[in-house]
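Participant: structural data only, the sequence is not supplied:
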């Protein structure tokens, strides 16, 4: 029996309200599309990347399963969030490969915040010097 477009949305809503069984029922219905998203994400990566599309889907699954409460709007909302999770996984993997980077160095969100804070301090410092 083919799944209707409405079925994944209903499962997303149930999962968003804490029904873990709905998430388990949802994954087989959306796996192929998640795999297509992963292949598109991987297309921009360097040749010989250590992650493959299937591994990226699996890693995203592990991150998504941790979501306890989410007000999923529809399938498009879910796939957009899944694509963001996959992108974050790839960016964090790239940051971890940077030469001279400590293994415990912060990943993207913390790293970006620290960079922005430094940048803001620099701009304030320059502005103060121009005023004085």
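Facilitator: Perfect, thanks for sending it. Given the structure is predicted, the values throughout are model-derived calculations rather than measurements.

Participant: only C-alpha atoms from now on, for both contacts and neighbour counts.
Facilitator: Fine.

Participant: ok, residue 87 touching residue 40?
Facilitator: No - using CA atoms under 8 Å, residue 87 is not in contact with residue 40; the gap is 10.3 Å.

Participant: compare these two (neighbour count), which wins?
Facilitator: residue 87 (17 against 13; other CA atoms under 10 Å).

Participant: any idea how far residue 40 is from residue 25?
Facilitator: Separation of residue 25 from residue 40 (CA to CA, to the nearest Å): 25 Å.

Participant: excluding chain neighbours, what is closest to residue 21?
Facilitator: residue 15 (7.6 Å; CA to CA, 6 or more residues apart in numbering).

Participant: next, count neighbours for the one you found.
Facilitator: 24.

Participant: kindly report the same for residue 29.
Facilitator: Considering only other CA under 10 Å, residue 29 is surrounded by 17 other residues.

Participant: using the three-state scheme, assign it.
Facilitator: Three-state call for residue 29 (DSSP: H, G, I helix; E, B strand; the rest coil): helix.

Participant: isn't it right up against residue 8?
Facilitator: Yes - counting by CA under 8 Å, residue 8 is a contact partner of residue 29 at 7.0 Å.

Participant: give the helix, strand or coil label for residue 54.
Facilitator: Residue 54 ends up helix, using three-state DSSP.

Participant: now do the same contact list for it.
Facilitator: The neighbours of residue 54, taking CA atoms under 8 Å, 6 or more residues apart in numbering as the test, are 35, 38.

Participant: the same query, at a cut-off of 10 Å, please.
Facilitator: 31, 34-36, 38-39, 60 (CA atoms under 10 Å, 6 or more residues apart in numbering).

Participant: now, of those, which are buried?
Facilitator: Of the members of the contacts of residue 54, the ones counted as buried by neighbours, 16 or more other CA atoms under 10 Å, are 34-35, 38-39, 60.

Participant: returning to what we had before: same list (the contacts of residue 54) but as TSV, adding pLDDT and distance to residue 68.
Facilitator: Converted to TSV, the contacts of residue 54 look like this (pLDDT from 0 to 100; distance: CA to CA, whole Å):
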residue	pLDDT	distance to residue 68
31	91	20
34	93	20
35	94	23
36	94	25
38	92	23
39	91	27
60	89	15
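
Participant: if anything else comes up later, I'll come back, but that's it for now.
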